[in-house]
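Student: Sequence and predicted structure, then a few things I'm wondering about:
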Amino acid sequence: MSQQKKKPKFKRGFKKWSDDKCLELRKKLGLKNISPLCGFDLCKFFKIPILTPGEIKGQDPKMLKHLLSNGSNDWSAATVPLGNDKYLVIHNNTHSLPRQQSNVMHELAHIICGHKVDQDKLNLGLSGFLRDYNEEQENEAEWLGACLQLPRPALIWALKKGMSERDIADYFNASIEMTRYRINITGVKAQLHYSKLNRYNYP
């Protein structure tokens with residue numbers, strides 16, 4: 001029997017901070033709270049270079065072939081610290097466009113949260129970054145990355161307009177799985193349902 005994944009626990013106030021940060025960044029980019037946000041545009045805003053493995057000079061041809069063929073399902077993206085609070089993001093361009101957006105948002109979330117890579121992983125180079133895993137940091141990056149792609153106000157706006165999950169996914173360039181996850185985890189459908197009930201619940 002497969003074990004059910006534990007519900008992640010976050011630091012107090014992290015979810016509220018994530019919601020606020022998503023809207024703050026949209027405002028800085030001149031976007032509305034309900035506007036789609038492109039991960040690649042956000043990289044440009046932060047002046048973070050984003051490359052594919054094939055664009056990295058001096059890469060081992062065998063490793064490169066593995067990353068982009070048989071091993072393409074084993075990794076999504078990696079953040080490489082360059083020092084002095086500068087970073088480089090390497091992403092898997094063999095994934096679908098919605099998946100690439102999610103991958104890039106996830107890596108940007110690591111940077112926005114100020115996550116660090118252990119020194120022993122730094123010493124291994126690219127292979128070390130791809131194997132780096134810190135459960136608390138990954139949970140935070142997963143949450144914030146999803147918020148960046150599909151913030152609560154955008155979901156409420158879309159559902160009020162009667163958009164289907166597929167419509168929402170297409171509009172925000174997200175996968176249907178990510179869209180469904182965000183709708184469920186935020187409880188926006190229940191929020192809209194209760195607001196309708198209260199509207200007609202006269203004293």
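Tutor: Alright, I've got the coordinates.

Student: pLDDT below threshold where in this protein?
Tutor: For the chain, residues meeting the criterion pLDDT under 70 lie at 1-6, 57-74, 118-133, 196-203.

Student: how about the helices of it, start to end?
Tutor: Assigned by DSSP state H, the chain shows helices spanning 14-28, 39-45, 61-68, 97-112, 119-122, 126-131, 135-149, 152-160, 165-171, 176-186, 188-199.

Student: from those helices, which stretch is densest packed?
Tutor: Highest mean neighbour count among the helices of the chain (mean count of other Cβ atoms under 10 Å): helix 97-112, with a mean of 22. Just so you know, the C-beta spots here come from the backbone N, C-alpha and C atoms, and that holds for glycine as well.

Student: Which elements pack onto that helix?
Tutor: Contacts defined by 3 or more Cβ pairs under 8 Å, 6 or more residues apart in numbering; DSSP states H and E place helix 97-112 against helix 39-45, strand 77-83, strand 86-91, helix 135-149.

Student: Ok, which of the helices of the chain comes nearest residue 75?
Tutor: Among the helices of the chain, helix 126-131 comes nearest to residue 75, with 5.1 Å by Cβ to Cβ.

Student: returning to what we had before: tell me which of the helices and strands packed on helix 97-112 sits nearest to residue 27.
Tutor: Proximity to residue 27 (Cβ to Cβ) singles out helix 39-45 among these, at 11.7 Å.

Student: picking that back up, reformat the helices of the chain as JSON lines; add distance to residue 51.
Tutor: Below are the helices of the chain laid out as JSON lines (distance: least, Cβ to Cβ, whole Å):
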{"stretch": "helix 14-28", "distance to residue 51": "22"}
{"stretch": "helix 39-45", "distance to residue 51": "10"}
{"stretch": "helix 61-68", "distance to residue 51": "12"}
{"stretch": "helix 97-112", "distance to residue 51": "11"}
{"stretch": "helix 119-122", "distance to residue 51": "18"}
{"stretch": "helix 126-131", "distance to residue 51": "11"}
{"stretch": "helix 135-149", "distance to residue 51": "19"}
{"stretch": "helix 152-160", "distance to residue 51": "29"}
{"stretch": "helix 165-171", "distance to residue 51": "27"}
{"stretch": "helix 176-186", "distance to residue 51": "23"}
{"stretch": "helix 188-199", "distance to residue 51": "35"}
